[in-house]
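**Q** Pasting the sequence and the predicted coordinates here, then a few questions.
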Amino acid sequence: MTIEQIIPKLVVEGAEAAIRYYGEAFGAALRDRHEADGRVVFAELEVPGGAVFQLKDADQLDRDPRRLGGRGLLLTVMDNDPDRLAERMAAAGGEIVIEVADRPYGVRQGRVRDPFGHEWIIGTPIE
C-alpha cells in the first residue's frame with residue numbers, strides 16, 4: 001500500500017465566506033467548486049507552495065462543528081513566518097487562541113481559530 005496524500009475536507013456553515021476567508025488568510029486559490037441546491041458540495045483550494053484542502057457547506061450528513069458545540073478539525077500548518085500568518089488569519093476574521101511564541105520542543109508556533117470553528121496550529125522549526 002502507498003498513500004500518496006491525505007487531503008482534509010472542512011465542513012463549514014457558509015462555504016462562500018470560507019472560500020473568501022482562506023483566500024485572504026492564506027492566499028488560497030480556488031481550484032474547483034461544485035454546487036447542488038444552492039449549497040457548495042465541493043470546493044478545492046490550493047495555497048502558495050502547493051498544499052491543497054477542500055471544504056463544503058454543512059448538510060444533514062456533515063454537520064458544522066460550531067453547531068455541534070465543539071471545535072472542528074485541528075490542523076497544523078508549517079510556514080516560514082508563523083507570526084505574519086497568524087496576524088493575517090486574525091485580520092481576516094480569525095481569533096488567536098494561543099499567541100505565536102518559541103516553544104521548548106523546537107518550534108515557534110501558535111494557534112488560530114478560523115470563523116468556521118476549525119483551529120490551525122501555525123508553526124516553523126527553530127534551531
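**A** Yep, it's here.

**Q** Pull the contacting residues for Gly94.
**A** With C-beta atoms under 8 Å, 6 or more residues apart in numbering as the criterion, the residues that contact Gly94 are 21, 25, 112-115, 120. (Each C-beta comes from the backbone N, C-alpha and C, glycine too.)

**Q** Could you check how far it is from Leu75?
**A** Counting by C-beta to C-beta, to the nearest Å, the gap from Gly94 to Leu75 is 13 Å.

**Q** after the helix ranked longest in the chain comes which helix or strand?
**A** Secondary structure of the chain per DSSP state H: the longest helix is helix 15-26. For helix 15-26, the following helix or strand on the C-terminal side (DSSP states H and E) is strand 29-36.

**Q** related to what we said a few turns ago, elements contacting the longest helix of the chain?
**A** Here helix 15-26 touches strand 29-36, strand 39-46, strand 52-57, helix 82-91, going by 3 or more C-beta pairs under 8 Å, 6 or more residues apart in numbering; DSSP states H and E.

**Q** neighbours around Gly69, how many?
**A** 7 (other C-beta atoms under 10 Å).

**Q** Secondary structure element for it, which one?
**A** Using DSSP H and E, no helix or strand contains Gly69.

**Q** Please report how far it lies from Ile98.
**A** In terms of C-beta to C-beta, Gly69 sits 21 Å off from Ile98.
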